[in-house]
Structures are given as structure tokens and as C-alpha cells.
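Undergrad: Structure, please.
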Amino acid sequence: MDDNCNTQIDEGVQTTFYADNDNDGFGDLASTIQACSAPAGYVTDNTDCDDTDANEFPGQTWYLDADGDGYGSGSSQVACTRPANHYTAAELTETSGDCDDSNANVNPGAAEACNGLDDNCNDQTDENITNQDYYADNDGDGYGEWNAGQRLPAARCRITSD
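TA: Below is the predicted model of the structure:
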């Protein structure tokens, strides 16, 4: 309505609103509308860095997971756009605890293997695994040749139960 009888409607009382296509609460500076109140899908903040990705907005915390195994190294940074090898907390199983972020097979959720590594990041190596000797079976009968003295490396393992 022309409340003050100057032949203009709603002058000086409209606000600029910005389209928020990814619904992250931050709008697109290039997509605006003037209105008295925010239409559906519009916000007053125009600082979205990527209005097609709800994870990319000012102040987002990104967690480093260099090996992509779902476990972060504990390192993080705040940035509007996603840095390489970084994920949101919701995209990771854990944001920290990966004791070797260069090896996707080593993380807190990994099963321990007989390999001389702490596969599950619990500060123990090859726990619940015992050494087992293996012997060469040159004739293929399923039995090793003890007397032949042809042992394979004795560092072979088998998992034991407690």
C-alpha cells in the first residue's frame, strides 16, 4: 500500500534477500529479490561461497583425511570451500585418531593383521596374533618337509582367540 500517499509503494522498507539454493543459511550474492519479508528459499546473508553445495559456507571446519579411509588425522582448518583431502565431521567416521593417515588400511576401525604395523591405532602391534612356522611342501601333498630344512620365514602369523 501507499501508506504515506506519495504514489510509491513500500519505498524504503523493503530488504534485499538472497537465494539460498542449497539451504545452508547463506545466500548467493548474484541472485536477489526485494521484499518486505524473506520469501521461501531466501536469506539476508549473501556470503555463500558455493550455493550448490550445502557443505561449503563461511566458517566451515574441514578435517584432514589424506588417505580417504573415513578417519581424520586430527588436523583441521576453517575455510569456505573444501580443501583437498578434507571432509566435514559428518562425512567422517572419526575426525581424529588415524595413526597413519598415509595408509587407508591403518585406522581405528581396521582389523589387526600380521604385518608388523599397528593396524587399528591402539598402540599395539600384531596383538592377538601368534607366530606360526610354515614348511615347504615341495611335493604338493599338503605336508611340509621338516627334515628337508626348508622352512619358510618363521614370521608368518595366525590369529588366536583369547
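Undergrad: Strands of this protein, residue ranges please.
TA: Remark: strands assigned in the chain by DSSP state E are 15-19, 32-35, 42-43, 61-64, 76-78, 86-87, 129-131, 157-159.
Undergrad: Turn those into TSV, columns for mean pLDDT.
TA: Output for the strands of the chain, formatted as TSV (pLDDT from 0 to 100):
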stretch	mean pLDDT
strand 15-19	94
strand 32-35	92
strand 42-43	96
strand 61-64	98
strand 76-78	98
strand 86-87	98
strand 129-131	65
strand 157-159	54
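Undergrad: so can I have JSON lines of these showing mean neighbour count and distance to residue 117?
TA: C-beta coordinates here come from the backbone N, C-alpha and C atoms, glycine included. Formatted as JSON lines, these follow (neighbours: other Cβ atoms under 10 Å; distance: least, Cβ to Cβ, whole Å):
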{"stretch": "strand 15-19", "mean neighbour count": "17", "distance to residue 117": "50"}
{"stretch": "strand 32-35", "mean neighbour count": "12", "distance to residue 117": "55"}
{"stretch": "strand 42-43", "mean neighbour count": "18", "distance to residue 117": "49"}
{"stretch": "strand 61-64", "mean neighbour count": "20", "distance to residue 117": "21"}
{"stretch": "strand 76-78", "mean neighbour count": "12", "distance to residue 117": "25"}
{"stretch": "strand 86-87", "mean neighbour count": "20", "distance to residue 117": "24"}
{"stretch": "strand 129-131", "mean neighbour count": "12", "distance to residue 117": "11"}
{"stretch": "strand 157-159", "mean neighbour count": "12", "distance to residue 117": "12"}
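Undergrad: Make JSON lines out of these and add distance to residue 141.
TA: Formatted as JSON lines, these follow (distance: least, Cβ to Cβ, whole Å):
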{"stretch": "strand 15-19", "distance to residue 141": "75"}
{"stretch": "strand 32-35", "distance to residue 141": "82"}
{"stretch": "strand 42-43", "distance to residue 141": "76"}
{"stretch": "strand 61-64", "distance to residue 141": "53"}
{"stretch": "strand 76-78", "distance to residue 141": "58"}
{"stretch": "strand 86-87", "distance to residue 141": "52"}
{"stretch": "strand 129-131", "distance to residue 141": "24"}
{"stretch": "strand 157-159", "distance to residue 141": "21"}
